[in-house]
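J.: no FASTA, just this:
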């Protein structure tokens, strides 16, 4: 959970974010307290299973139900795929509702598809995201022009984080492509005072994406 104390509860976004951090740590040989990562993964699996049930319930409007897979579902799906816990039902719902996902979540979904070897679905995702790519030939940069909407205060409305996750995706599928290198330059050019972006969170994600690109 975000806070501690009486009545505290776990939140899927916070849990997915922390589990992703633990996964990154493990890949870099950082020792974790035994069981912490595993418990996080199990919590996310239970959460995802409940979301799948609600999505299936929509057909008969049996409560509780929800009609579409959402951005948070894409985030949790990516984290669980990284834990080798792919849910075929959620994959089908995300693919069905892909047109409704934000550009940020599409990049997360694309990373999961790449790991699963779903090349046809991944190609569709890359085409979807490509509609939002702007090339600036004068500055030799590229960036995502996110669709306008009243969601900028949500996690998936962050321009820096969306560009960072797109770079993470390109680092996996097209690391030597022109867009990836131009996106790197755009991120570097848009730091504040040369040392950070807007927050500790988007700064961490930008560094993570740049590291993925350099490694690729």
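T.: Cool, the structure landed. Model, not experiment: these values are computed from the prediction. Residues are numbered from 1 along each chain as shown.
J.: Which residue, other than its chain neighbours, is closest to residue 89?
T.: Among residues not flanking residue 89 along the chain, residue 52 sits closest, at 4.7 Å (Cβ to Cβ, 6 or more residues apart in numbering). Bear in mind the C-beta positions are built from the backbone N, C-alpha and C, glycine included.
J.: Please, which helix or strand holds residue 142?
T.: Per DSSP states H and E, residue 142 falls inside strand 141-144.
J.: Check residue 56 too.
T.: helix 36-57.
J.: Tell me how far that helix lies from the chain's centre.
T.: The chain centroid and the centroid of helix 36-57 are separated by 17 Å, computed with Cα atoms, centre = their mean, to the nearest Å.
J.: I'd say residue 100 and residue 67 touch.
T.: No. Residue 100 lies out of contact with residue 67 (Cβ atoms under 8 Å); the separation is 9.8 Å.
J.: residue ranges with poor pLDDT in the chain?
T.: The model of the chain has pLDDT under 70 over residues 1-3, 150.
J.: Centre-most residue in it?
T.: The residue lying closest to the centre of the chain (Cα atoms, centre = their mean) is residue 108, at 3.2 Å.
J.: What separation is there between that one and residue 102?
T.: Using Cβ to Cβ, to the nearest Å, residue 108 is found at 9 Å from residue 102.
J.: Neighbours of residue 117, how many?
T.: 8 (other Cβ atoms under 10 Å).
J.: next one: phi and psi at it?
T.: phi 80, psi 20 (degrees, to the nearest 10).
J.: gap between it and residue 11?
T.: 31 Å.
J.: Thanks a lot, catch you later.
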